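[1] Dropping the sequence and predicted coords here.
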Amino acid sequence: MFKKGSKLYSILTGSCPKCHEESMFKNKNPYALAQALDMHKTCSNCGTKYKIEPSFFYGSMYVSYAVGIAFAVAAFVISFFIFSASVNTVFISIVVTLIICMPIIMRLSRNIWINFFMSYDKSLAKK
């Protein structure tokens, strides 16, 4: 399920959706905020162009909403059901979780979005 060749591998590692060999992002650390969304133009291994068309990644905003909701629900479940926190504390934990995880959410949403349109090609992977 998480092996090279699966969409989940590409999404969680941020690797090229075609060959899974190179990271799409110039800096692998999402918390380097100045470079959080800086991407290579193409994959150095297979030559895949990441930005398929102008404004391609605007679509990832829709995915970002869903991913943010998933993070918020996880924060709610953990704080309310596991720690039995008050409503105000639960709200604060959700807001803090979303702020802290924002760079990860943005990258995940881009990874998910590009994987909607591209699939792994075993012939392009390094042997």
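    On my side now, so go ahead.

[2] I'd like to know how far the spatially most central residue of the chain sits from residue 99.
    Against the mean C-alpha coordinate of the chain, by C-alpha atoms, centre = their mean, the closest residue is residue 108 at 0.9 Å. As for residue 108, its distance to residue 99 is 16 Å (criterion: C-beta to C-beta, to the nearest Å). All C-beta atoms are positioned from the backbone trio N, CA, C, and that covers glycine.

[3] what does residue 119 give?
    In terms of C-beta to C-beta, residue 119 sits 34 Å off from residue 99.

[4] and if you look at residue 109?
    Residue 109 is 16 Å from residue 99, by C-beta to C-beta.

[5] Comparing the two, which residue is more hemmed in?
    With neighbours defined as other C-beta atoms under 10 Å, residue 109 and residue 99 compare such that residue 109 has more, 22 against 8.

[6] same for the lengthiest helix in the chain, what does it pack against?
    For the chain, the longest helix by residue count, based on DSSP state H, is helix 87-117. Applying 3 or more C-beta pairs under 8 Å, 6 or more residues apart in numbering; DSSP states H and E, one finds that helix 87-117 contacts helix 7-13, helix 60-76.
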